[in-house]
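Engineer: Here is a sequence with its predicted model. Questions after.
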Amino acid sequence: MSSSRVLVLNSGSSSVKYQLLDMSDSSRLAMGLVERIGEETSRLKHTPLTGGGAERERTGPIADHEAALKAVADELAADGLGLDSPELAAIGHRVVHGGKHFTEPTVIDDAVLAEIERLIPVAPLHNPANLTGIRTAQALRPDLPQVAVFDTAFHTTMPEAAARYAIDVSTADEHRVRRYGFHGTSHAYVSRATAKLLGKAPEDVNVIVLHLGNGASASAVRGGRCVDTSMGLTPLEGLVMGTRSGDLDPAVIFHLARVGGLSIDEIDTLLNKKSGLVGLCGDNDMREIRRRIDEGDSSALLAFDIYIHRLKKYIGAYYAVLGRVDAIAFTAGVGENAAPVREAAVAGLEELGLAVDGGLNAVRSDEPRLISPEYARVKVAVVPTDEELEIATQTYALAGKNS
Ligand SMILES: Nc1ncnc2c1ncn2[C@@H]1O[C@H](COP(=O)(O)OP(=O)(O)O)[C@@H](O)[C@H]1O
Ligand SMILES: CC(=O)OP(=O)(O)O
Ligand SMILES: [Mg+2]
């Protein structure tokens, strides 16, 4: 039997997104999401996309990522799409931190697992979940190729001038302290899709991609290659995020330790989990923040303004890095859905050739689209990301052929 199916697992710190695809035509057979893993109120939403079955949802505690994956396997089996299927060619995993070593998608063996594990200190929220996903999938199908697709891979083209921090070189090299960047699968996919939307080859366009999800990052992509990105050694640097601070003076950490008496672990938790939008106003969901702003809530408005101020600074910075910009692309949960964020981020940048058309910006759609007025020199686009399709494509190209 021909095997052309790929299961993609995108394990986050408290969630697993998954898709089963048939790579003979890149169609999706099923998709779903497990949220709030480890809490009493975990939720699994499963959507069969073949055979006409209805969406299913179940709530109740799912203790950890292993239990989550087993629940996902059960849902797929209930649709006749179980992991035991001979049609399954490979399993593709999003792995957040691949360090400098992994520049391409990689078939996972013990050495690859060991390297992903070694990188846990620089991706403490993500790599452990990715590892559990891989190990559970291996246990369920030890015979199948498992492929790691790294968030960091797309950024390995960054020049040293962008990738190095201005700190003592030997200390940096000894501890592999440099800027790696993340969300690379999304930045790669969206920059290519943006070129397509403009009717041009990726080599011919310069794009600023704004991936605004719960985690958020910007990248400057010249002719299809990443030349700068806002996340660094870890996914903490750069933009204001749902729960992460993004950029700050590193001396804030010394101050909180020496004067505030906080431990390193407490500061780590503060900056990664209790900062960003949630730290500023108590909410990290942009829908809720907009609702509160509409009701006149001043702390929600200040959080929004700080978020936009940082975003605008990165648009300006990457405009300067690229010299010429053909398009700015908004993507991920906030970028795809929050029209007020797009409008505010570009407001006042007409001198840079940037503008947003209010009518176009208000349109809701799952399709890539332009939201800039006809006359704008730099196009502004909304381009839904599809990390799972990109991971499936890379996984199948590497491991699908000879199964
Ligand atoms: N309709 C919407 N309007 C505004 N923001 C939205 C909307 N839908 C989702 N979001 C935002 O998107 C975020 C999730 O984005 P997503 O890309 O799925 O993040 P992640 O992959 O990091 O979990 C939510 O926290 C919320 O802030
Ligand atoms: C790297 C990162 O921040 O990922 P996410 O947005 O999924 O948390
Ligand atoms: Mg995401």
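Structural biologist: Here it is on my side, so go on. Ligands and ions are numbered 1, 2, ... in the order given.

Engineer: List the contacts of the closest residue to residue 70 other than its chain neighbours.
Structural biologist: Spatial nearest neighbour of residue 70, chain neighbours left out: residue 136 (7.1 Å); criterion: C-beta to C-beta, 6 or more residues apart in numbering. All C-beta atoms are positioned from the backbone trio N, CA, C, and that covers glycine. Contacts for residue 136 were tallied using C-beta atoms under 8 Å, 6 or more residues apart in numbering; they are 65, 66, 69, 70.

Engineer: Neighbours of the second one, how many?
Structural biologist: Neighbours of residue 66 under the rule other C-beta atoms under 10 Å: 15.

Engineer: Read off the pLDDT value for the closest residue to residue 203 other than its chain neighbours.
Structural biologist: Closest residue to residue 203 apart from its sequence neighbours, by C-beta to C-beta, 6+ apart: residue 223 at 4.7 Å. According to the prediction, residue 223 has pLDDT 98.

Engineer: show me the residues around residue 223 that make contact.
Structural biologist: 202, 203, 204, 205, 206.

Engineer: what about whichever strand or helix holds the residue nearest to residue 70, near ligand 1?
Structural biologist: Per DSSP states H and E, residue 136 falls inside helix 127-140. No - Helix 127-140 stays clear of ligand 1 (C-beta under 6 Å from any ligand atom), getting no nearer than 12.1 Å.

Engineer: Just the buried ones from the contacts of residue 136?
Structural biologist: Listed as buried from those are 65, 69; burial here means 16 or more other C-beta atoms under 10 Å.

Engineer: Might you enumerate the residues of this protein proximal to ligand 2?
Structural biologist: So the chain meets ligand 2 at 12, 96, 126, 151, 182, 183, 213, 214, 215, 235 (C-beta under 6 Å from any ligand atom).

Engineer: just the helices in the stretch 1-150 of the chain please.
Structural biologist: 65-78, 110-118, 127-140 (DSSP state H, counting those that start in this stretch).

Engineer: of all these, which lies closest to residue 164?
Structural biologist: helix 110-118 (21.2 Å; C-beta to C-beta).

Engineer: Low-confidence ranges, the stretch 251-400 of the chain, go.
Structural biologist: For the stretch 251-400 of the chain, no stretch is flagged by pLDDT under 70.

Engineer: Show me the residue of it that gets nearest to ligand 1, please.
Structural biologist: Going by C-beta to the nearest ligand atom, ligand 1 is nearest to residue 333 of the stretch 251-400 of the chain, at 2.0 Å.

Engineer: quick one, what contacts the closest residue to that residue other than its chain neighbours?
Structural biologist: Excluding the flanking residues, the one nearest residue 333 by C-beta to C-beta, 6+ apart is residue 213, at 4.8 Å. Residues in contact with residue 213 (C-beta under 8 Å, 6+ apart) are 183, 242, 332, 333, 334, 335.

Engineer: Check residue 377 too.
Structural biologist: So residue 377 contacts 353, 354 (C-beta under 8 Å, 6+ apart).

Engineer: in which helix or strand would I find it?
Structural biologist: Short version: residue 377 belongs to no helix or strand, going by DSSP H and E.

Engineer: still on that earlier bit, which of the contacts of residue 223 has the most neighbours?
Structural biologist: Going by other C-beta under 10 Å, residue 205 tops the contacts of residue 223 with 24 neighbours.

Engineer: That residue reaches residue 198, doesn't it?
Structural biologist: Yes - with contact defined as C-beta atoms under 8 Å, residue 205 counts as touching residue 198 (6.1 Å).

Engineer: Identify the contacts common to these two.
Structural biologist: 326, 327.

Engineer: re the thing from before, distance from the helix holding residue 136 to the middle of the chain?
Structural biologist: Relative to the centre of its chain, helix 127-140 is centred 19 Å away, using C-alpha atoms, centre = their mean, to the nearest Å.

Engineer: what about the closest residue to ligand 1 within the stretch 1-150 of the chain, neighbour count?
Structural biologist: Distances between the stretch 1-150 of the chain and ligand 1 by C-beta to the nearest ligand atom are smallest at residue 12, namely 5.9 Å. For residue 12, the count of nearby residues is 22 (other C-beta under 10 Å).

Engineer: Retrieve the pLDDT associated with it.
Structural biologist: For residue 12, the model assigns a pLDDT of 80.

Engineer: dump the residue contacts of the residue nearest to it when sequence neighbours are not counted.
Structural biologist: Among residues not flanking residue 12 along the chain, residue 129 sits closest, at 6.2 Å (C-beta to C-beta, 6+ apart). The contact partners of residue 129, by C-beta under 8 Å, 6+ apart, come to 11, 12, 13, 16, 65.

Engineer: how about the residues you listed, which pair is most distant?
Structural biologist: Of all pairs in those, the most separated under C-beta to C-beta is 13 and 16 at 10.4 Å.

Engineer: Which one's more surrounded, the two?
Structural biologist: residue 16 (24 against 21).

Engineer: and the residue in the stretch 301-403 of the chain that ligand 2 sits nearest to, how many neighbours does it have?
Structural biologist: Closest approach between the stretch 301-403 of the chain and ligand 2, counting by C-beta to the nearest ligand atom: residue 332, at 7.5 Å. Residues within reach of residue 332, counting by other C-beta under 10 Å, total 23.

Engineer: From residue 90, how far out is residue 255?
Structural biologist: Here residue 255 is placed at a distance of 49 Å from residue 90 (C-beta to C-beta, to the nearest Å).

Engineer: Comparing these two, which residue is more hemmed in?
Structural biologist: A side-by-side neighbour count of residue 255 and residue 90, using other C-beta under 10 Å, places residue 90 first with 24 against 13.

Engineer: Give me the nearest residue to that one, chain neighbours excluded.
Structural biologist: Nearest non-adjacent residue to residue 90 (C-beta to C-beta, 6+ apart): residue 399, at 4.1 Å.

Engineer: Next: residue 184.
Structural biologist: Per C-beta to C-beta, 6+ apart, closest to residue 184 is residue 154, 3.1 Å.

Engineer: residues touching that neighbour, list them.
Structural biologist: 181, 184, 185, 187, 188, 226.

Engineer: Check residue 189 too.
Structural biologist: Going by C-beta under 8 Å, 6+ apart, the list of residues near residue 189 reads 385, 386, 387, 389, 390.
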